[in-house]
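*Asks:* Quick one, fold the following:
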Amino acid sequence: MSKLLIVDDELDVREFARHFFRKRGIDVSVASTGAEALLAVEAVCPDLILLDIRMEDMSGVDVLKELRRRNNVVKVVMVSGVEDERVIQETVALGALGFIHKPLILEELEKVVLREFSFQS
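*Replies:* Below you'll find the predicted structure:
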């Protein structure tokens, strides 16, 4: 079963996405902070992370940098309500697969996640 980690400081976003992807047969874990995300990556070993950029404790960019510093090559898709071309370029340079804008559009989110999981088959 494919494993997805959703990292977002907004409870409603986490829970909505968790429910949405569990209905599609995906094993979903969630984290509300960057620190929780780093712990969850070690514990769960997700196949894909949906990573919010703006969080209170540390940014999604910092989480991605830390993952790469640890030589973790997990697939990551960044999520944000703010479009900042510099940040997008930085995350792509760090190996992020893409960028999804908030508010989340379910069809777009589903297409991105299922596309990445189909590459594993």
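
*Asks:* my guess is Leu50 is in a helix, correct?
*Replies:* No: assignment of Leu50 by DSSP: H, G, I helix; E, B strand; the rest coil gives strand, placing it outside any helix.

*Asks:* Just give me the neighbour total for it.
*Replies:* 26 (other C-beta atoms under 10 Å). Heads up, the C-betas are built off the backbone N, CA and C, glycines and all.

*Asks:* Specify the local secondary structure of the nearest residue to it once chain neighbours are set aside.
*Replies:* In space, Leu50 comes closest to Ile6 once its chain neighbours are excluded; the distance is 4.9 Å by C-beta to C-beta, 6 or more residues apart in numbering. Look at Ile6: counting by three-state DSSP, its state is strand.

*Asks:* ok, Ile6 to Asp62 distance?
*Replies:* Distance, Ile6 to Asp62, by C-beta to C-beta, to the nearest Å: 18 Å.

*Asks:* returning to what we had before: for the residue nearest to Leu50, which residues make a bridge with it?
*Replies:* Beta-bridge pairing of Ile6 under DSSP bridges involves Val30, Leu50.

*Asks:* Just the pLDDT for it.
*Replies:* Looking at Ile6, its pLDDT reads 97.

*Asks:* Give the burial count for it, as a bare number.
*Replies:* 27.

*Asks:* Go ahead and confirm it touches Ala17.
*Replies:* Yes: with contacts counted by C-beta atoms under 8 Å, Ile6 reaches Ala17, the gap being 5.0 Å.

*Asks:* Report the contact partners of the residue nearest the centre of the chain.
*Replies:* The centre of the chain sits closest to Leu50, judged by C-alpha atoms, centre = their mean, with a distance of 1.4 Å. Contact analysis of Leu50 by C-beta atoms under 8 Å, 6 or more residues apart in numbering lists 4-8, 17, 77, 79, 100, 109, 113.

*Asks:* One more: Leu109?
*Replies:* So Leu109 contacts 17, 20, 50, 100 (C-beta under 8 Å, 6+ apart).

*Asks:* Is it within a helix or a strand, and which one?
*Replies:* helix 106-118 (DSSP states H and E).

*Asks:* from the middle of its chain, how far away would that helix be?
*Replies:* Relative to its parent chain, helix 106-118 has a centroid offset of 12 Å by C-alpha atoms, centre = their mean, to the nearest Å.
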